[in-house]
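[1] Based on what follows, work out the 3D shape:
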Amino acid sequence: MCGTLDYLPPEMVKNQEYSYHVDMWCLGVLCYEFLTGKPPFESEDQDTTYRKIRSLDFDYPPFISSAAENLISRLLVLDGKSRLSLPEVMKHPWIQEQMKKA
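    Below is the predicted model of the structure:
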């Protein structure tokens, strides 16, 4: 398996077929890492990281806003087809709020 372990979506961890929805998973991991400084499923070993990815085992630090948490939680979804699309991400309230600040 190739790629950065912490960014692998569940469908790749489970050796299932996957599509462009994996990119939205990676965007969720990236958003989390930008806000916290570490990936959500970071672990000491590969097996633990895989387990945490398959079970969505991670926590949000208290300093993450509810709007940012909502966006990330709608990207880090086990079923790839249920993840937000890029147009939906761009319309998300947290993204819109950040765009106003830029």
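
[2] Only C-alpha atoms from now on, for both contacts and neighbour counts.
    Noted.

[3] Can you report how many residues neighbour Lys52?
    Around Lys52 there are 18 other residues, counting by other Cα atoms under 10 Å.

[4] Just want the phi and psi numbers for it.
    Backbone torsions of Lys52, given as degrees, to the nearest 10, read phi -70, psi -40.

[5] Might one say that it is in contact with Asp59?
    No. Under the criterion of Cα atoms under 8 Å, Lys52 makes no contact with Asp59, lying 10.9 Å away.

[6] Distance from the longest helix seen in the chain to the middle of the chain?
    Taking DSSP state H as the assignment, the helix of the chain that covers the most residues is helix 21-36. Averaging C-alpha positions (Cα atoms, centre = their mean, to the nearest Å) puts helix 21-36 4 Å from its chain's average.

[7] packing partners for that helix?
    Counting contacts by 3 or more Cα pairs under 8 Å, 6 or more residues apart in numbering; DSSP states H and E, helix 21-36 is packed against helix 66-75.

[8] Report the next helix or strand after the helix it packs on in sequence order.
    Using DSSP states H and E, the next helix or strand after helix 66-75 towards the C-terminus is helix 86-91.

[9] Please list the residues outside that next one that contact it.
    24, 71, 95-96 (Cα atoms under 8 Å, 6 or more residues apart in numbering).

[10] Now do stretch 88-102: distance from first to last residue.
    Stretch 88-102 has its terminal residues 19 Å apart, counting by Cα to Cα, to the nearest Å.

[11] I meant stretch 85-101, not that one.
    Stretch 85-101 end-to-end distance (Cα to Cα) = 23 Å.

[12] Pull out the buried residues from it.
    85, 89, 92, 94-95 (16 or more other Cα atoms under 10 Å).

[13] Quick check: of the residues you listed, which lies closest to Tyr20?
    Within the buried residues of stretch 85-101, the smallest distance to Tyr20 is 9.7 Å, found for Ser85 (Cα to Cα).

[14] nearest residue to that closest one other than its sequence neighbours?
    Among residues not flanking Ser85 along the chain, Met24 sits closest, at 7.0 Å (Cα to Cα, 6 or more residues apart in numbering).

[15] Distance-wise, check the most centrally placed residue in the chain relative to Thr36.
    Against the mean C-alpha coordinate of the chain, by Cα atoms, centre = their mean, the closest residue is Gly28 at 2.7 Å. The gap separating Gly28 from Thr36 is 12 Å, by Cα to Cα.
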